[in-house]
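Undergrad: Okay, predicted coordinates and the sequence, questions at the end:
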Amino acid sequence: MEANIKIQISHFTATFKPRYSFEKTCVSLSDITLNIYENEILSIIGPARSGKTTLLRSINRLNDIHENFFKTGDILLDKESVYHARVDVADIRRRVGFVFARPVVLPKSIWENICYGPKLKGISKKEELSQIVEESLKSAYLWDEVKNRLKDSALSLSGGQQQRLCIARTIALKPEVIMLDEPTSALDPISTSKIEDTLVELKSKYTIILVTNNTKQAARVGTKTAFFLMSKLIEYGNTEQIFTNPKEKQTEDYITGRFG
């Protein structure tokens, strides 16, 4: 039985208009239609400048910060448009968490890094905050490594630990979707393995979208995989099918290393 659709992307085109007369209009996504399901990991692969990150930033409205961003089509979260006029953009960004390629920790303690978001939401009781810290770190499989050093600076953690701390910080806001943009690109193989194990465990509670340039990583963790090329969705399907019997030659050429 197939899972429920969490995010529905319908004929979505993302365009960045030129600021100056000598610039050309940049079409970052072209007529994308794609369903993303609850409690699955969607791996998004493709070469640079294929639209992968633009898609993530369109889902949680981060592209809105660019005055020259224009879109057609729509993106639905639980059957409601994230672009509807009545939508609270801050709420969308809470529901759809974003973990960047390089870990961005606050120059504060590990404890304060997790509490930062909940405090902004008005949670102030130490007991409640402590529970959030423990639950979030356990969900990110970091608790056992840092439970005795919560007052230490987050900057003292290794790169892999910092990235899991960023995942825990996202979890602390109780999102429904977690999007990750090449989260292991700057990490060593051991740290990468821990992040991948974390994502596989998290999919029982969250919908996860993983952008990665590592096709082997996409094959290891993805429930489904989408291949993007030159702003277009070339192929989408179950990960095993994409990697063992792709329907499109462009997909086969990319995953076998002929280009990209």
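TA: The structure has been received and is ready for your questions. Numbering: from 1, shown residues only.
Undergrad: Touching stretch 104-117 from outside, list them.
TA: 129, 132-133, 136-137, 146, 149-155, 157, 162, 165-166, 168-169, 172-173 (C-beta atoms under 8 Å, 6 or more residues apart in numbering). C-betas here are computed from N, CA, C, even on glycine.
Undergrad: mind running it again at 7 Å?
TA: Contacts with stretch 104-117, where a contact means C-beta atoms under 7 Å, 6 or more residues apart in numbering, come from 129, 132-133, 136-137, 146, 149-155, 162, 165-166, 168-169, 172-173.
Undergrad: Now the buried members of the residues you listed.
TA: 129, 132-133, 136-137, 146, 150, 154, 162, 165-166, 168-169, 172-173 (16 or more other C-beta atoms under 10 Å).
Undergrad: Out of these, which two sit at the greatest distance?
TA: Leu129 and Gln162 (20.5 Å; C-beta to C-beta).
Undergrad: and Asp253, which of the three is it?
TA: Secondary structure, DSSP: H, G, I helix; E, B strand; the rest coil: Asp253 is helix.
Undergrad: which residue sits closest to it, ignoring its sequence neighbours?
TA: Phe259 (5.7 Å; C-beta to C-beta, 6 or more residues apart in numbering).
Undergrad: next one: Glu40
TA: Per C-beta to C-beta, 6+ apart, closest to Glu40 is Thr223, 3.9 Å.
Undergrad: Now for that neighbour, how many residues are close by?
TA: Look at Thr223: counted by other C-beta atoms under 10 Å, it has 17 neighbours.
Undergrad: Phe259 too?
TA: Phe259 sits with 9 neighbouring residues when counted by other C-beta under 10 Å.
Undergrad: Surely it is in contact with Glu252?
TA: No. With contacts defined as C-beta atoms under 7 Å, Phe259 does not count as touching Glu252, sitting 10.8 Å away.
Undergrad: quick one: the strands in the stretch 1-150 of the chain?
TA: For the stretch 1-150 of the chain, the strands defined by DSSP state E, counting those that start in this stretch occupy 5-16, 26-37, 41-45, 69-77, 80-81, 96-99.
Undergrad: Pairing partners for the shortest one, with directions?
TA: Strand pairing for strand 80-81, using DSSP bridges, gives strand 69-77 (antiparallel).
Undergrad: Next, the angle strand 26-37 makes with the strand it pairs with.
TA: Here strand 69-77 points in a direction 0 degrees away from that of strand 26-37 (axes from the mean of the first three to the mean of the last three C-alpha atoms, to 10 degrees).
Undergrad: Can you list the buried residues in strand 69-77?
TA: Phe69, Lys71, Gly73, Ile75, Leu76, Leu77.
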